[in-house]
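In: output the structure for:
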Amino acid sequence: MSWILGIALTAAVFVILKQWGALSPEKKKDAVWKIVLVVGGALLLFMVLTGRVHVLTAAVAALIPLLRKLPGLLSLVPQFKDQLGRNERGAGAGRQDSAPNRSVMSVSEACDVLGLTPGCTAAEIVAAHRRLIQKLHPDRGGNDYLAAKINEARDVLLRSAQG
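Out: I've put the predicted structure just below:
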């Protein structure tokens, strides 16, 4: 009986290795994570069955990989759809609702924000905007307020340069 299991295991290893060679590097990375999760789950199940880990502890440990999927799962629940939509739109979309209360930036303020002088060219405006937004973008450690001010300053100056 054990030699049959050995042959089956050997065949399974050959099939897996053959398919592994055909995977792209990105898919190999995904496959490694899946293998780690499956092996970890099997080890966790083994430890529960042998009495070394309590069932509730194992259940919590099994839910940890699912935390990455939590925002996607919450979007399926109607109560959270509106809240997630507001978070994805960001602070800029929220300010559009309160546009009457928002002050309009002047050209001199826009020049101060971008570090330019009045009468600058469109190319200088775009270059200054690009330089600042790369430093202060929310995805790079900046915040939504500063990015919105930089974008608003660019828009104000480009409108004044055209008109």
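In: and the protein, what are its domains?
Out: Listed by automatic domain parsing, the domain ranges of the chain are 2-73, 105-162.
In: ends of the shortest one, what's the gap?
Out: One end of domain 105-162 to the other measures 17 Å (Cα to Cα, to the nearest Å).
In: where in this structure is the helix or strand with the lowest mean pLDDT?
Out: helix 78-97 (a mean of 53; mean pLDDT, DSSP states H and E).
In: pull the distance from the very next helix or strand once past that helix to the chain's centre.
Out: For helix 78-97, the following helix or strand on the C-terminal side (DSSP states H and E) is helix 107-114. In terms of Cα atoms, centre = their mean, to the nearest Å, the centre of helix 107-114 is found 32 Å from the chain centre.
In: what residue ranges in this protein score low on pLDDT?
Out: 78-103, 163 (pLDDT under 70).
In: before we move on, the earlier item: return the most buried member of the domains of the chain.
Out: By mean neighbour count, with neighbours taken as mean count of other Cβ atoms under 10 Å, domain 105-162 ranks first of the domains of the chain at a mean of 15. From N, CA and C alone the C-beta is placed, and that goes for glycine too.
In: from Arg68, how far out is the most centrally placed residue in the chain?
Out: By Cα atoms, centre = their mean, the chain has its centre lying nearest to Asp139, at 9.0 Å. Plainly put, Asp139 is 18 Å away from Arg68 if you go by Cβ to Cβ, to the nearest Å.
In: what comes into contact with the lengthiest helix in the chain?
Out: Longest helix in the chain by number of residues (criterion: DSSP state H): helix 25-49. Contacts with helix 25-49, where a contact means Cβ atoms under 8 Å, 6 or more residues apart in numbering, come from 20, 23, 53-55, 58, 61-62, 65.
In: could you rerun that using 6 Å?
Out: Identification of contacts with helix 25-49 by Cβ atoms under 6 Å, 6 or more residues apart in numbering yields 53, 55, 58, 61, 65.
In: got the contact list for Ala161?
Out: By Cβ under 6 Å, 6+ apart, the contact set of Ala161 is Ala122.
In: again, but for Leu17
Out: For Leu17, the contact set (Cβ under 6 Å, 6+ apart) is empty.
In: so how far is Ala128 from it?
Out: Taken as Cβ to Cβ, the span from Leu17 to Ala128 is 55 Å.
In: same check on Ala161?
Out: If you go by Cβ to Cβ, the gap between Ala161 and Ala128 works out to 12 Å.
In: for Ala62, same thing?
Out: For Ala62, the distance to Ala128 - Cβ to Cβ - is 51 Å.
In: can you give me phi and psi for the residue nearest to the centre of the chain?
Out: Main-chain torsions, Asp139, degrees, to the nearest 10: phi -70, psi -10.
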